[in-house]
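Asks: have a look; sequence and predicted model below, questions after that.
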Amino acid sequence: MSGGEVQSFLTTLLGSALVASAPLTLASLGETVGERAGLLNLGLEGVMLSGALAGFVVALGSGSLWLGLLAGLAIGLAFGLLFALLTVHLRVDQVVVGLGLTIFGGGLTGFLFRDLYGRQFPTSCPGCRSSARPSSPSRCSSTPPGRWWCRSRCCSVGRASASRRGRWARTPSPRTPPG
Amino acid sequence: MSATRAPIRAAAAAPLASSLLAVVGALAAGAVALALIGKDPLQAYGLLLGRGLSTFGVTETLIKLPPLLLVSAGLLLTLRAGVWNIGIDGQFLVGALLVGVVAPALAGRVPLALLLVVSGAVGFLAGALWGVIPALLKVRYGLNEIITTIMMNYVAVYLTSWLVKGPFKDPTVVPPQTRLIPRADRLPAIPFTRVHVGLLAGLAALALVGYLLRSTVLGFRLRMLGQSRRAAAHAGMAVGRLTAVALLASAGFAGLAGANDVLGVKGLFQGEWNPGYGLTAFALVFLARLRALWLLPFAYLFAFLLLGGDIMARSAGIPTYFVDLLEGLMLLFFAVAVALERLQARRAARSLAQGGGAE
């Protein structure tokens, strides 16, 4: 292999790695904020799948990537809201809800995908570049305003249990199984 | 006296009501999902019940039952000890792969009974081996086993997939799989049925775990560990060792389930095969409210649904993912039901306190 070939190979490799890392980065960014607040969301897998499908369907239908992005965000928000409602307000065990969301998200997206597209995959949507797969941010807190908000409140809750107050304080930690 | 007794009895029956509510809620929501994609939910559920309760359906359900029983019996043990094993899928695969390697090598050379015992032991130990790393990390360094067991799943999926494409592949066939175990060397059927004896192993495992938790010193220690780690440590129990025992036993049962599927159903280990019993087991054990006795009917329900997924896919064109959807919905509805149950208990306690004050 000549020097030029090696260089172009490396460039492609690193470039694809960056593209492939985007969904992981976004999801883990959001999860970092959650875990700092003492929440363990095992439902990320289901949230990501649902956001991805919503983004894809909307982008394909409307022809607009931005609308697809919005749809993914909205689904991520809805799932985050559901998770928060169940674990923080209703104080249900986080692992139960998280695993439930993962199974639910996987089942729902598989179910709808098969119904919408059968077994043939529409591999790209108008405006998407062929190498870039549609991905979606999975949690509200992966946006800068979300990070700012979280820095102000939740992280102090996750760090020191003594500083837990009010509604957050009653959230059961993901340690003890439900009886 | 009688005034105080009634609410307690009501509370004892309440957990089952929540689980049943979750099942009914999930089926109702599933019906809505079916209607949304233009299928007739009544017809689909009718199909499910009609075929599922026929002789064929019951037999097939009983064949699908053993791995669920084994996996959830082990999971019950760890959860009661306050330890989370989310790495069941990985432990299952490692157990299944090694049995897929060992059993064909033994086939024809040793008596059937010996082959089955050795293969079962290999499956159990292989699964347990996959649990050693999270157990060590947990006991030695206090690493959260929820995270480490999940991570070990990914390692197992890719490791077994590589092994079955490379060193352990049957060189005489094209697809990545281990050598086929001859029919004569698989789990024999229970007399007069088509159900293989793995079912008895599953029931025995469940009975063993139930007995262990209820009537032995080890079970008492595990339960105490689950109730309060600090109390267990204060009482002088070997907390680290108990944690490891709980995790390894569960991992071993997962490996045994792998052995069951290879020896009883498939006859070999295939690349890219991952039935994903781990998450199902969680849904199952939570719905059974961590009780060994209740595990049996719920395991039957889930095996029934697994079969039903196949039936509905073949006869009504409903995607098999529908079963996953139902399982997820069950867990979510269960979460809501538990919250409601707690709310009601608090209200009952309050009214009891007020009633007591008035007397």
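Replies: Ah, there it is.
Asks: can you give me the helices for chain B?
Replies: B:2-36, B:41-52, B:55-80, B:88-106, B:112-141, B:145-165, B:198-215, B:217-227, B:229-234, B:239-260, B:277-287, B:292-316, B:321-358 (DSSP state H).
Asks: the fourth one vs helix B:145-165, what angle?
Replies: Translated: helix B:88-106. 30 degrees (axes from the mean of the first three to the mean of the last three C-alpha atoms, to 10 degrees).
Asks: buried set for helix B:88-106?
Replies: Residues of helix B:88-106 classed as buried by neighbour count (16 or more other C-beta atoms under 10 Å in any protein chain shown): B:88-104, B:106. For every residue, glycine as well, the C-beta is placed using N, CA and C.
Asks: quick check: residue B:277 touching residue B:69?
Replies: No. The criterion here is C-beta atoms under 8 Å, and residue B:277 misses it with residue B:69 at 10.4 Å.
Asks: these two: who's more crowded?
Replies: residue B:69 (29 against 24; other C-beta atoms under 10 Å in any protein chain shown).
Asks: isn't the more buried one up against residue B:206?
Replies: Yes. If you go by C-beta under 8 Å, residue B:69 and residue B:206 touch, sitting 5.3 Å apart.
Asks: now the common contact residues for those two.
Replies: Residues touching both residue B:69 and residue B:206 by C-beta atoms under 8 Å, 6 or more residues apart in numbering or on different chains: B:295-296.
Asks: nearest to chain A, out of the helices of chain B?
Replies: Taking C-beta to the nearest C-beta, helix B:321-358 is the member of the helices of chain B nearest to chain A, at 2.7 Å.
Asks: that closest one - what's its average pLDDT?
Replies: The pLDDT scores in helix B:321-358 average 86.
Asks: for stretch A:5-17, same thing?
Replies: Stretch A:5-17 comes out at a mean pLDDT of 92.
Asks: could you dump that stretch to CSV, C-alpha only?
Replies: Below are the C-alpha coordinates for stretch A:5-17, written out as CSV (Å, rounded to 0.1, in the frame of the first residue of the first chain):
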residue,chain,number,x,y,z
GLU,A,5,-3.7,4.8,0.2
VAL,A,6,-2.8,4.4,3.9
GLN,A,7,-3.7,8.0,4.5
SER,A,8,-7.1,7.8,2.7
PHE,A,9,-7.8,4.5,4.5
LEU,A,10,-7.1,6.1,7.9
THR,A,11,-9.1,9.2,7.1
THR,A,12,-12.1,7.1,6.1
LEU,A,13,-11.7,4.9,9.2
LEU,A,14,-11.5,7.9,11.6
GLY,A,15,-14.3,9.7,9.8
SER,A,16,-16.7,6.7,10.0
ALA,A,17,-15.7,6.2,13.6
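Asks: which residues of the stretch 101-250 of chain B lie near chain A?
Replies: Residues of the stretch 101-250 of chain B that fall close to chain A, judged by C-beta under 8 Å from any C-beta of the partner chain: B:146, B:150, B:226.
Asks: quick one: contacts for the closest residue to the first one other than its chain neighbours?
Replies: Once flanking residues are discounted, residue B:146 sits nearest to residue B:84: 4.8 Å by C-beta to C-beta, 6 or more residues apart in numbering or on different chains. With contacts taken as C-beta under 8 Å, 6+ apart, residue B:84 has the following neighbours: A:95, A:177, B:78, B:145-146, B:149.
Asks: and the two most separated of those?
Replies: A:177 and B:149 (14.2 Å; C-beta to C-beta).
Asks: okay, now the unreliable bits of the chain?
Replies: Since you didn't name a chain, this refers to chain A. A:1, A:119-179 (pLDDT under 70).
Asks: the chain in question should be chain B.
Replies: B:1-14, B:356-359.
Asks: three-state assignment of residue A:91?
Replies: Taken by DSSP: H, G, I helix; E, B strand; the rest coil, the conformation at residue A:91 corresponds to coil.
Asks: pretty sure it contacts residue B:343?
Replies: No. Using C-beta under 8 Å, residue A:91 makes no contact with residue B:343, being 9.9 Å away.
Asks: quick one: which of the two has more around it?
Replies: Using other C-beta under 10 Å, the more surrounded residue of residue A:91 and residue B:343 is residue A:91, with 16 against 12.
Asks: now that one: how far from residue B:25?
Replies: 19 Å (C-beta to C-beta, to the nearest Å).
Asks: what does residue B:192 give?
Replies: Here the criterion is C-beta to C-beta. By it, residue B:192 lies 39 Å from residue B:25.
Asks: out of those two, which sits in the busier spot?
Replies: Between residue B:192 and residue B:25, counted using other C-beta under 10 Å, residue B:25 has the larger neighbour count: 17 against 6.
Asks: touching, the more buried one and residue B:326? I think so.
Replies: No. With contact defined as C-beta under 8 Å, residue B:25 does not reach residue B:326; the gap is 10.4 Å.
Asks: got the contact list for residue A:70?
Replies: So residue A:70 contacts residue A:58 (C-beta under 8 Å, 6+ apart).
Asks: quick check, it in a helix?
Replies: Yes. Per three-state DSSP, residue A:70 lies within a helix segment.
Asks: can I assume residue B:334 is in contact with residue B:17?
Replies: No. Residue B:334 is beyond contact range of residue B:17, at 11.5 Å (criterion: C-beta under 8 Å).
Asks: neighbour count for those two, which is higher?
Replies: Higher neighbour count among residue B:334 and residue B:17: residue B:334, with 26 against 13, using other C-beta under 10 Å.
Asks: next, the contact list for that one, please.
Replies: A:96, A:100, B:18-19, B:22, B:286-287.
Asks: top of those residues by number of neighbours, please.
Replies: In the contacts of residue B:334, the most neighbours by other C-beta under 10 Å go to residue A:100, 31 neighbours.
Asks: next up, the contacts around that residue.
Replies: Here residue A:100 is in contact with A:43, B:283, B:328, B:330-332, B:334-335 (C-beta under 8 Å, 6+ apart).
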